[in-house]
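J.: Build me a model:
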Amino acid sequence: MLSFNPREILSVTMILFAIIDIIGTIPIIIDMRQKAGRIESEKASLTVFVLMIIFLFVGDQLLAIINIDVASFAIAGSLVIFIIAMELILGVRFFKEEEISSTASIVPLAFPLIAGAGTMTTLLSLKSEYQTQNIIVGIALNTIFVYLVLKNVQWLEKLLGKTGLDILRKAFGIILLAISIKLFRSNTHL
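T.: Numbering: from 1, shown residues only. Below is the predicted model of the structure:
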């Protein structure tokens, strides 16, 4: 029998929310929309949801095929999250942005920008701490939020303004930094 735990759902939702950082990526999404002409919110959101669900259930097996243990993947993901956090906090770009095409709703928006290595690593880590049904609800809630942000990104840009977006970016950068350190520490045996 499935039992849903509101506390677990809230924890998973908040952790994924910080990792996905859809609010912090609004400036990138705005830039992509200008270059590609339009972002297909529904397609991007559905792709994010499907990728996260697939990785939740078969991520371990995919890693086993290429002979990588979950702890190593988690440590690699923690380093990626650390770099993303530093980008947000310092306002510099370490990752080269790829050329934008008509498939921008899927690549690079849905993957790897929204559902990237950090999100996948986090899902594997969450699996060891939370019940699967609560993780699925957290994924669904985040996907709905991603969809709402993608659908209303121009309105949000006007509402928050440059200062508001900068503040959000820095705040989520600090949260991501803390998550990356926790993820690193919990997967190393020092």
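
J.: Now do residue 56: how many residues are near it, please.
T.: 18 (other Cβ atoms under 10 Å). In short, each C-beta sits where N, CA and C put it, glycine included.

J.: got the contact list for the host helix or strand of it?
T.: Following DSSP states H and E, one finds residue 56 within helix 41-65. Helix 41-65 is contacted by residues 20, 69-70, 73, 105-106, 109-111, 114-115, 119-120, 123-124, 127, 132, 135-136, 139-140, 143-144, 146-147, 150-151 when judged by Cβ atoms under 8 Å, 6 or more residues apart in numbering.

J.: for the chain, where's the lowest mean pLDDT among helices and strands?
T.: Least confident helix or strand of the chain, by mean pLDDT, DSSP states H and E, is helix 26-36 with a mean of 76.

J.: angle of that one against helix 41-65?
T.: Comparing the axes of helix 26-36 and helix 41-65 via axes from the mean of the first three to the mean of the last three Cα atoms, to 10 degrees yields an angle of 110 degrees.

J.: For residue 21, list the residues it contacts.
T.: Contacts for residue 21 (Cβ under 8 Å, 6+ apart) come out as 84, 88, 172, 176.

J.: got the residues you listed as TSV, with neighbour count and distance to residue 58 columns?
T.: TSV is the format used below for the contacts of residue 21 (neighbours: other Cβ atoms under 10 Å; distance: Cβ to Cβ, whole Å):
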residue	neighbour count	distance to residue 58
84	24	25
88	23	30
172	23	29
176	24	26
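
J.: in the protein, which residue is closest to the centre?
T.: residue 20 (2.2 Å; Cα atoms, centre = their mean).

J.: For residue 67, which three-state class applies?
T.: coil (DSSP: H, G, I helix; E, B strand; the rest coil).
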